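Visitor: Provide a 3D model corresponding to the input given below.
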Amino acid sequence: MIAEMKRFDDQFGVATEFESAEYFADDTEVVAHEHVRLTRGDRTLDGEAVHIFEFQDGKVSKVAVFTGDPQRMASFFA
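Guide: Below is the predicted model of the structure:
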């Protein structure tokens, strides 16, 4: 999961800070409810997100992200 988040930061030029609130997991996926702060240049976005990481053969095979305010997230990355 950490490597996937690092790849995201590198790809989009973002510094991401997470404060985990809750985790739910089994053998095939992790669901994480988190408080997130994204910094990109002089812009900062604080919010909450739910990340779902699916695993196959011990590696992340799929990532889904749900935010409380998708329009604000889209504006941040525009």
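Visitor: So which elements touch the least confident helix or strand in the chain by mean pLDDT?
Guide: Sorting the helices and strands of the chain by mean pLDDT, DSSP states H and E puts helix 2-12 at the bottom, at a mean of 77. Counting contacts by 3 or more CB pairs under 8 Å, 6 or more residues apart in numbering; DSSP states H and E, helix 2-12 packs against strand 15-25, strand 59-67. Bear in mind the C-beta positions are built from the backbone N, C-alpha and C, glycine included.
Visitor: Least reliable of those by average pLDDT, please.
Guide: Sorting the helices and strands packed on helix 2-12 by mean pLDDT places strand 15-25 lowest, at a mean of 86.
Visitor: quick one: contacts of that strand?
Guide: By CB atoms under 8 Å, 6 or more residues apart in numbering, the residues outside strand 15-25 that reach it are 5, 8-9, 30-40, 48.
Visitor: run the last query once more with 10 Å
Guide: 2, 5-6, 8-9, 30-41, 44-46, 48-53, 55 (CB atoms under 10 Å, 6 or more residues apart in numbering).
Visitor: One more: stretch 54-62?
Guide: 1, 3-5, 7, 25-30, 52-53, 63-64.
Visitor: Among those residues, which one has the most neighbours?
Guide: For the contacts of stretch 54-62, the largest number of neighbours (other CB atoms under 10 Å) sits with residue 53, at 19 neighbours.
Visitor: how about it, phi and psi?
Guide: Main-chain torsions, residue 53, degrees, to the nearest 10: phi -110, psi 120.
Visitor: Report the contact partners of it.
Guide: Residue 53 sits next to 1, 4-5, 25, 28-32, 60-65 when contact means CB under 10 Å, 6+ apart.
Visitor: And for residue 51?
Guide: Applying CB under 10 Å, 6+ apart, the residues contacting residue 51 are 1, 4-5, 18, 20, 23, 30-34, 36, 63-67.
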